[in-house]
Each structure stands twice: as structure tokens, then as C-alpha cells.
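[1] Got a predicted structure plus its sequence, pasted below:
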There are 2 protein chains.
Amino acid sequence: MKRRTLLSVTAKRSTVLVIAKRSTLLLAALLPLPALGQKAVAVAPGQVAQEVRDYRKSNEERIVRELREFLAIPNTATDTPNIQKNAARLMEMLEARGIETHPLSIAGRGPVIFGKLTTPEATRTVIFYAHYDGQPVDAAAWTDGKPFEPALRTKAIEAGGKRIPFPEGAGPGAAHYNDEWRIYARSASDDKAPIVALLAALDALRAKRIALGVNLKVVLDGEEEAGSPNLERTLQAHRNLLGGDVLLVADGPVDASGLPLIDFGNRGVVDVQVTVYGPARALHSGHYGNWAPNPALQMARLLASMKDEDGRVRVEGFYDDVTPLSATEKKAIEEMPANDAELMKELEFAVPEGGGKKLMELISEPSLNIRGLRSAYVGAESQNVVPEKAEASLDLRLVKNIEPKVQYERLLAHIRKQGYYVTDREPTKEERLKYPRVAMVTSSGGYAATRTPMDTAVARKLTEVVEGAAGKTVKMPTSGGSVPMYIFEELGLPVIGVPIVNHDNRQHTADENLRLGNLWRGMEIYGAVLAGLTW
Amino acid sequence: MKRRTLLSVTAKRSTVLVIAKRSTLLLAALLPLPALGQKAVAVAPGQVAQEVRDYRKSNEERIVRELREFLAIPNTATDTPNIQKNAARLMEMLEARGIETHPLSIAGRGPVIFGKLTTPEATRTVIFYAHYDGQPVDAAAWTDGKPFEPALRTKAIEAGGKRIPFPEGAGPGAAHYNDEWRIYARSASDDKAPIVALLAALDALRAKRIALGVNLKVVLDGEEEAGSPNLERTLQAHRNLLGGDVLLVADGPVDASGLPLIDFGNRGVVDVQVTVYGPARALHSGHYGNWAPNPALQMARLLASMKDEDGRVRVEGFYDDVTPLSATEKKAIEEMPANDAELMKELEFAVPEGGGKKLMELISEPSLNIRGLRSAYVGAESQNVVPEKAEASLDLRLVKNIEPKVQYERLLAHIRKQGYYVTDREPTKEERLKYPRVAMVTSSGGYAATRTPMDTAVARKLTEVVEGAAGKTVKMPTSGGSVPMYIFEELGLPVIGVPIVNHDNRQHTADENLRLGNLWRGMEIYGAVLAGLTW
């Protein structure tokens, strides 16, 4: 039945997709299938990395082409036709590798793609989580104006990277790509590249006849950037598929130093939309200004009330439930490279928030961020009005042990304490006339943080494998970003992040990009994990 | 030469314009020319109003058609081709009445249209000022989506007004328009209606053979909503044209009570654009939030610092130079209808700013208004980022005796006092790395307020004429709005406002509209002024 679903989806494929499928199927036919003729002896991670690199140097053009074609399919989670095209393409990519693939359907959205590859004699099952949707785009803000037409540049745009054509017709042995080159497209880093790296690593192991040491499962989310509203329900309905020993998260960037990163948790997140109200219609600012209440000023005061000068959140109870870091975790943070000063220079600011704490310390704390602000118009579009409303969008990041709903309620209480009547829908005329200050506050819900202890057997072995493949790593008790990994934690899986993409990838904003050297090293790390993560 | 300019402009007219010109020219031919066969005896203002009303009732369809066709020409000051079409149409409208017309050209913008109609034996010259440009539009925010396709409604949209077709083919004696009906279009009130009312009043006097009592001049600005950056220079270059006894400003709304209004001054205005900076590029809020400085939070704090809880501006010296109101002016304010409570109900808010002062008191004070705010995205477009910048747009309103430049400098000093390095251009990387807080602040300049004493002969006579024509009036020492009348004050002309349009016209924002009853009464007031403003 699952097969039938797939066929009905892929039947609508465009010509480009058909060609792509043919080429990847051809590849699968050329490569040995699992357990057929592979070396059964364990290969050391450093050796695996070397063999993957050797394979990659002869196959760069093909690997990049697979990524480019994947990036060319627009992937905002709410764009139903396109997100389903992404899903169909992804299933072809998995099946071309002989991975048993099932789309776990979600009405009107892209399915969760589940894949499974069994390794005879393997005792451990590793589940890779990644997502194939991307953040919404504002095409006008992109340098090339086209987030879904991947562009190649000689380095980052900020560093003066020039656009160059993708090299064509690379033969075996010809390495046409420079490590510093970057591919610009939505999801180039977040999060399509890790999927392509994993599959290319699998191709490399097979080509080099290196046996897989684990059973592999993949869970590929199509709604992560939309807050994964259906993931929990979907996985709960298919929890029988999710037996395994560890969940590896292939999302997020490596350390700003450029060193590979292993993170042992993610922060949770709650999104918040706040609207405050002025007069029922925008008014002439000369005739009514300084009398009609200005909602932009109210919003400014409300937001200013939320944090102190050091960036400490002033919402009561905001830091109450935080689970303190263990000694191992504190030590890991101390050992992390301190490149804050360099980063500040790159990002062109003189003083950070946080009252003197390091970025990595701050990431272990809950945070409140203003991610957007709007009231009437600015610049050339300005009008002389008292605006009718002001809107702000916030994200609250949560650390281990903070309940999303509880943190959200604390924020609501804070807004009430500033004198606001709070409602979760557009206020009525009666409410507006009754209360001096009215705020509509809504949230799509969010989810909790996860954190896996760093001294478990799987954590120690994973560290050994990654360091064997890629040298020194940065070990982070928790990543600053959010992926809904609590779902897997609740299924009993330890969750560990093994991100591969460059830290300056501009994920979530315009000009998102992937540094190719990171893709190559990511293949080597994932290859070593597939070959040797046994404990 | 001026004539030649006009012909070259009007040669490009569309078919619609040609038909319009033919009909208005026909009208001019039917009407007696100035000083030909008119009654030479003075007619009392009440009688003039009655005769104008009688004329209007037989000509509503034609008057409305002239306005509609004028409104159909998009009129943002910076939209050069269209603003010049407006100017060409306006010159046709004036010349059709036998008014000697000169475009005072401004490169790349709409000209100031100067017109002159001499009345033999008149001793006084009245100059009407109005503007034919409108505020920029955001078409998507308009109920009908088309700010330049005038629509007729049975009443205000907020009051449930239904859209109806414009009545066609009205014959003499048939009054097809209800006073409560409204025309929706950009500049329906601000400021094309007063121009049409003045010309229709002139038509009425001629049709009723009532002699003009004054020489008439008109100055019609094509850049008022853009701050009239070229008006002063243009008028200085043609100051020989501007001899006269009083300048009447035909801009702004009547009192919220619905009573006609006479205002004896306008506030000045300074626009201010402020940008503050976060990281050089938008960053992932999970990985960098609460460490990278958030510009939206900085902006919130900066704006919150500018006013206290009562709406009193906290910029040092902000109220220093205010010329106190005279006893007459204070009395006038006391006598103004106190409809604040009713207005608040209509505008759906519970508590005004201003620490308990009445709207009309506040309008005699300088003000600071946040007219727009923007940083990254809100709502469905939100992205999980630390934004790279936050922008605010402010307008400062000035009262008599405050220098625009001085008030602007006070604001700059306030921003510096909040810890900002202030620059008037995009900051360099070096500046961003050197200063903890950086703000780019710019202004297009603005202009000063004007105020004419209420006890001069011309002020008293104008009040008598308007009250004779329209009954009780509201007398306002200064209007809250801004028109660059200081230019005329500097030319030695007393400046008095005689606005006619409804107070709830939504000028400067979406769904701007004109209540037809206000257009009709405006014709009567302007007719009485043209016939009898002698002192």
C-alpha cells in the first residue's frame, strides 16, 4: 500500500525528475547492495574517512548535481504542491539506495519520510533525523533574487564571493570543486545538505566495499521550520517503526571555529505573536497624534519591559525550572573554543547582550528574542499617521525541564502585569472600549528541550568515531537551535546532534548557503558513523 | 511661453481627458465671463450660500464627475508622469473658468500651479492654497483595493456603508446625491475636493450672476504630502505673482462635531527616519539570540525613552520655545466643542495619551509621533532570526516659534544621550565595531508652524462671512496638521485655514473618503468668501 502511494505521487514528476531518477537508479544498480560482497571486518574511522574522501573526489559533480536538483524544488512547509514534490524526490533518492521507504502521510502537508536499511549481524540501530522543508523566503532580500535556483560562488558574498557557473562534465578523478566554494539556495545548509551527505556517504561505503556496522533508519520531517505541528502525532501512530538505540540529529551548524561539533541536546522553542492596538483606524498624526494612543509606542514600552540592560529576561519565573549543568557539561563548555571576539568582528558589533557571559554559556539558558516588529510604514512608504496597531513576533527558547506551556503563561502574566488585557483573538469593540491597553497574544505551541548526558556509552563512542574521522571536535552540552527531539526522547531514544554545515550559512534568512568543504567532511563523518558506531 | 508649456503637456491627454475638457470648456462658454453682466451689489453671505445651494442641486452630477475624473489620476508626488498628468488636468480645469494659469515648473515633479482671476474694482486679493498630490498608497490595505478608482458608498465603511454605482444622467433640478454618501479615493478629501469646491463655487456665482468681491489667486502645490521640498524656492522665484491680502488654506478636516472650522495657524513638521543596527546579517535566533544585540529591542528601548506615561515628550528642551497662547486663543479653545469622549468611542479606545488634556489643548503643543516601525518579519512571514536592523519613522509637530532644525537637533541629542553614536548615512564597519550602539538618523527637513492673531480685521471679517454662510463655526487658534504656510507668512500674508472636508475622512491612510454634504457646504462657504470677503 505504501508503494502504491509512492507511485501515485511520483507519477506527476517533471522531465528533470525523471532524468534524475534514472541516473540515481543507474548508480544503485552499479553499486553492490548491502551485505553483498562487502568486507565484513571493522574499519577504523580514520580509514573510513580516507576512503570516503577518495570516492568523493571522483564523484563531486554527481553529488553536487543531486543536491542542486533537490534544492531547486521550493520547500516552504505550507506550500503543499511543492513540499509534496520534495517528498517524492526524497523517496526516489532513498529507494535508489535500496532503502525501504514509507511516506507517513500528513493531510495537506509533506509526509514524514521514514526509511530503513537493515544490516545483517548489526546489533545497533542508528536513526538519523533531518528535515527537508525550509524557512519561508523573501526572494527580494536575496542577492540573486532566486532562493530556489542554486548559485555557485567562489566564497561567501560578504567576503566578496563571485558567482561562477557550476563545472560540467567532470570525469572520474577530476576534482572540480574548491572547498571554499559555496552553494547559495534556501535549505542549502538547513537542512537538505546533511541528507545528501548521508546518502553520498552510503554510496561511498558501497563503492569502497566497506561494510555498514549498524542498521540505519531515517526520519525526514517536512514541517520542521513550521514547528513540526504534526510530527509527534505521526510518529506516535508509527512508533512500531522507531525501535533503535540512538537518534542522530543532522541539523544545525558546526562550531564557529570551523571544528566539527557534537551536541547533546537542543533547546525547545515557543513562538509568540503579539498585537497591541491604537485607534480603530489609522489617524492623521497632526490632527490626532499625542492624543490617540500610539500602539507603536505601547509596543516599544512592552518589549522594553521584557529584558534588562544585560539581556536578562525580566519575565517572572523565566529561569526557575532550568536543570543545572552537570560538571561534565560545564567542563565541555569551558573547553569550547572562545571565538566570541572573532565572531563579533565578523558580525560587526561592538558589545554583545548577556552581561558578559560567553555565547556558549548563554545558549544553555532560556532566551527571549524579538524576531520581528511592524507598525504602519517606514522609509519612503511612511505616512503621517497614528498607526492602528503594532505587531511583534517573539521566540522563546527553552532549556531542559522548562514546559513550553508554562513559559508561555509566564510571558502572558508579564504582559498582564504591564497593564494589558490579554486575548487570544481579535479584540471586540467592547473590549477595546473597556480596557486601556489590549493585546492579542497567540502561539502555535512549540515544544520542549532535550539533553542527553555526555558520559553514556553511546555518547562516548560517537565522540570517538567522529574524532577518529575528523579530528578534534567541539562538544556542546546543548545546541542553541531547536528541533523537536523531545518526541524521540519520549520514545526512549538518546538524542545527539552531529551537524556538518558551516556556521555562517545564513540559515533562516536571505542568502542561505553551504560551504562545500563542510559537505565533504560531513560525508566522511557520516560514513564513519555508518561503518563503526557500535558500543 | 507659459501657454506653450501647457499645450505641450496637454497634447498627451487620453480620450477620457479630451471628453472632460470638452465638457468643461462647454460649461465655461455657457457661463458669463467675469465682470460681464454680473450684479455689482454686495450680496449677504447667507444669500450667497442659498444661491450656491440652488445652483448645486441642479448640477451635482457634473460637479461629482469633475471630481471623480480628477481623483482617477494617481497623485503620489514622486510619481512624475502621473503627477504631471494631474497638473495638466488642473490647468484645464482653471482655464475653463477663465483663470489665467501658470505652471511654476519643478524638475521631475509636478509644478506649482498658479492661477489669477482679476475682479475690476475689487480692493482685496484672496489667495487660496491647496495641494493636488496625495499621500503614498498601499493599495492592498484599501477595502476596494483601488485607491484611484473612486467608489461611491451610502455612508462610511465603518458604519456599514454599501457600495453603490454613481447615478448617471442627472438632469437639471434632479438632486441624485445624498449628503451622507461618500466618495472613496486617495485625495478625495486631502486635498482635491476643496479645489473642486472652489471652482464649483465660482461656477455657481456666475450662474447666479453674483459679482466676485475680491481678486482671486490660487497656489496649488504638487508636493505637499512629500513635505513641499521645492515650494519655498519656487514661490520665492515668483514672489512678484504673490501680492495679496490674505492666504486661505483649503486643506485639513472640519471639527469632529461636524461644525465648520476656521483655523488661524498650522503646526510645522519634521519627519525623522531612525535605523538601529544588530549583527551585520540576520542570525539564527537559537544559535545567536540573547548574545548578538537585538536591534528591535534597542529600538523599543530608544522609543520608550522618548515619552513618559502621559505622552509628555522627554526630549530635553522639547517644549522650551513655545509661544504661549493669547487670552483670545485660550478662550477659543475653551469654546470649542468637547467631543473627545464621543471620538474615543468612535475610534474604539478607552484612554487617550496626554495626561488628561483635551485633544484641542494638545494640538497647541509640540508633539512626537511614531508613525511606523519595522524589523524583519511578523505573523505568517516570521523567521527565527535576530534581525540585522530595526527602523522607525517619526514625525515631530512644531508650534509657533519652534525652529525645525533646533527641534531636530534636540532629538539627536536625546538619541546620543541614550548611548548612541549618531550618523546621517549608513554606518561603516569601523563605526559599527567601535560604538556599542549606532543609529542612522535622517530627515528631509520639515518646516515651521504659522499662527495668525484671531483679532485682526481680516480674521474677524472672514469669521463673519463664514458664519453668515454656514452658521456656527469652531474657531481654532491652530490646526494640528501641517501645511508649509510659513512660506506665505514670510511673504507678509496672514494665513487662515478654511477647511471643508469631514473629520473622519481617513486622510493619509487606506479608505480615504469625502462625505458629499461637506463638499456641498464647502462650495457655499467658498462662494460667500469669493463674493464678500472685504474689510
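    Thanks, I have the structure now.

[2] okay, now the residue in the stretch 101-250 of chain A that chain B sits nearest to: neighbour count?
    Distances between the stretch 101-250 of chain A and chain B by CB to the nearest CB are smallest at residue A:135, namely 5.4 Å. Every C-beta, even on glycine, is put in place using the N, C-alpha and C of the backbone. A count of nearby residues for residue A:135, using other CB atoms under 10 Å in any protein chain shown, gives 24.

[3] residue contacts, it?
    Counting by CB atoms under 8 Å, 6 or more residues apart in numbering or on different chains, residue A:135 touches A:76, A:186, A:190, A:225, A:507-509, B:383-384.

[4] Grab the CA positions of the one helix or strand residue A:272 maps to and hand them over as CSV.
    Following DSSP states H and E, one finds residue A:272 within strand A:268-277. The C-alpha trace of strand A:268-277 is given here as CSV (Å, rounded to 0.1, in the frame of the first residue of the first chain):
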residue,chain,number,x,y,z
GLY,A,268,12.9,23.9,22.9
VAL,A,269,11.0,26.8,21.4
VAL,A,270,7.7,28.7,21.7
ASP,A,271,6.7,31.2,19.1
VAL,A,272,4.7,34.2,20.2
GLN,A,273,2.7,36.8,18.1
VAL,A,274,1.7,40.0,19.9
THR,A,275,-0.5,42.7,18.6
VAL,A,276,-1.4,45.9,20.5
TYR,A,277,-4.0,48.4,19.4
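
[5] Name the residues of that strand that come out as buried.
    By neighbour count with 16 or more other CB atoms under 10 Å in any protein chain shown, strand A:268-277 contains the buried residues A:268-277.

[6] Go through those and say which is closest to residue A:323.
    residue A:268 (12.4 Å; CB to CB).

[7] any idea how far that closest one is from chain B?
    Using CB to the nearest CB, to the nearest Å, we find residue A:268 at a distance of 10 Å from chain B.

[8] Verify the stated contact: that residue with residue A:398.
    Yes. Using CB atoms under 8 Å, residue A:268 is in contact with residue A:398, at 3.5 Å.

[9] what's the overlap in contacts for those two?
    Applying CB under 8 Å, 6+ apart, one finds that residue A:268 and residue A:398 are jointly contacted by A:404, A:446, A:448-449.

[10] Would you mark the buried spots in the host helix or strand of residue A:128?
    In the assignment (DSSP H and E), residue A:128 maps to strand A:125-131. Neighbour-count burial for strand A:125-131 flags A:125-131 (criterion: 16+ other CB under 10 Å).

[11] Could I get the average pLDDT for stretch A:153-170?
    Averaging pLDDT along stretch A:153-170 gives 90.

[12] how about the helices in the stretch 201-350 of chain A?
    A:231-237, A:285-288, A:295-304, A:327-335, A:340-347 (DSSP state H, counting those that start in this stretch).

[13] Going by distance to residue B:108, which of the shared contacts of residue A:268 and residue A:398 wins?
    Using CB to CB, residue A:446 is the member of these that sits closest to residue B:108, with 51.5 Å.

[14] Enumerate every residue touching residue A:221.
    Applying CB under 8 Å, 6+ apart, the residues near residue A:221 are A:112, A:129-133, A:228, A:231, A:484.

[15] Please name the nearest non-neighbouring residue to it.
    Nearest residue to residue A:221 in three dimensions, chain neighbours excluded: residue A:131, at 4.0 Å (CB to CB, 6 or more residues apart in numbering or on different chains).

[16] list the contacts for residue A:350?
    With contact set as CB under 8 Å, 6+ apart, residue A:350 has these partners: A:344, B:432-436.

[17] Can you report how many residues neighbour the spatially closest residue to it that is not a sequence neighbour?
    The spatial neighbour of residue A:350 that comes closest, neighbours along the chain excluded (CB to CB, 6+ apart), is residue B:436 at 4.8 Å. Using other CB under 10 Å, residue B:436 is surrounded by 14 other residues.

[18] Tell me how many other residues surround residue A:160.
    For residue A:160, the neighbour count with other CB under 10 Å is 9.

[19] Also residue A:137?
    Around residue A:137 sit 22 other residues, with neighbours defined as other CB under 10 Å.

[20] Report the contact partners of it.
    By CB under 8 Å, 6+ apart, residue A:137 lies in contact with A:76, A:147-148, A:186, A:510.

[21] near chain B, from those?
    Under the cut-off given by CB under 8 Å from any CB of the partner chain, chain B has residue A:510 from the contacts of residue A:137 close to it.

[22] who wins for neighbours among the contacts of residue A:137?
    Within the contacts of residue A:137, most neighbours by other CB under 10 Å means residue A:186, with 29 neighbours.

[23] Quick one: end-to-end distance for stretch A:393-408.
    End-to-end distance for stretch A:393-408, by CA to CA, to the nearest Å: 13 Å.

[24] Would you tell me whether it gets close to chain B?
    Yes. Shown here: stretch A:393-408 in contact with chain B (CB under 8 Å from any CB) through A:393, A:395, A:397.

[25] which one of those has the most neighbours?
    Ranked by the number of neighbours (other CB under 10 Å), the residues of stretch A:393-408 next to chain B place residue A:397 first, at 29 neighbours.

[26] Can you report phi and psi for residue A:164?
    With angles defined as degrees, to the nearest 10, residue A:164 sits at phi -130, psi 160.

[27] thinking again about what came up before, now the two most distant members of the shared contacts of residue A:268 and residue A:398.
    A:446 and A:449 (10.4 Å).

[28] Which strands or helices does the helix or strand hosting residue A:430 pack on?
    Using DSSP H and E, the element containing residue A:430 is helix A:429-434. Packed against helix A:429-434 by the contact rule (3 or more CB pairs under 8 Å, 6 or more residues apart in numbering or on different chains; DSSP states H and E) you find strand A:421-423.

[29] Parallel or antiparallel, which strands does the strand it packs on pair with?
    Partner strands and pairing direction for strand A:421-423 (DSSP bridges) are strand A:438-442 (parallel).

[30] Show me which residues of the partner strand are buried.
    Applying 16+ other CB under 10 Å to strand A:438-442 flags A:438-441 as buried.

[31] low-scoring pLDDT stretches of the stretch 101-250 of chain A, where are they?
    A:169-175 (pLDDT under 70).

[32] residue contacts, the closest residue to residue A:149 other than its chain neighbours?
    The shortest distance from residue A:149 to any residue other than its chain neighbours is 6.7 Å, reached at residue A:72 (CB to CB, 6+ apart). Neighbouring residues of residue A:72 by CB under 8 Å, 6+ apart: A:16, A:148-150, A:185.

[33] Tally up the residues packed near residue A:471, please.
    Residue A:471 has 12 neighbours, counted by other CB under 10 Å.

[34] And it, how close does it get to residue A:258?
    Distance of residue A:471 to residue A:258, computed by CB to CB, to the nearest Å: 11 Å.

[35] ditto for residue A:430
    Plainly put, residue A:430 is 59 Å away from residue A:258 if you go by CB to CB.

[36] between the two, which one's more packed in?
    Of the pair residue A:430 and residue A:258, residue A:258 is the one with more neighbours under other CB under 10 Å, namely 17 against 9.

[37] Tell me the residues on the stretch 1-150 of chain A that lie near chain B, please.
    Neighbours of chain B within the stretch 1-150 of chain A, by CB under 8 Å from any CB: A:135-136, A:138.

[38] Quick one: those as CSV, columns for secondary structure too.
    Formatted as CSV, these follow (DSSP: H, G, I helix; E, B strand; the rest coil):
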residue, secondary structure
A:135, coil
A:136, coil
A:138, coil
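
[39] ok, those residues vs residue A:314, which is closest?
    Using CB to CB, residue A:135 is the member of the residues of the stretch 1-150 of chain A next to chain B that lies nearest residue A:314, at 29.0 Å.
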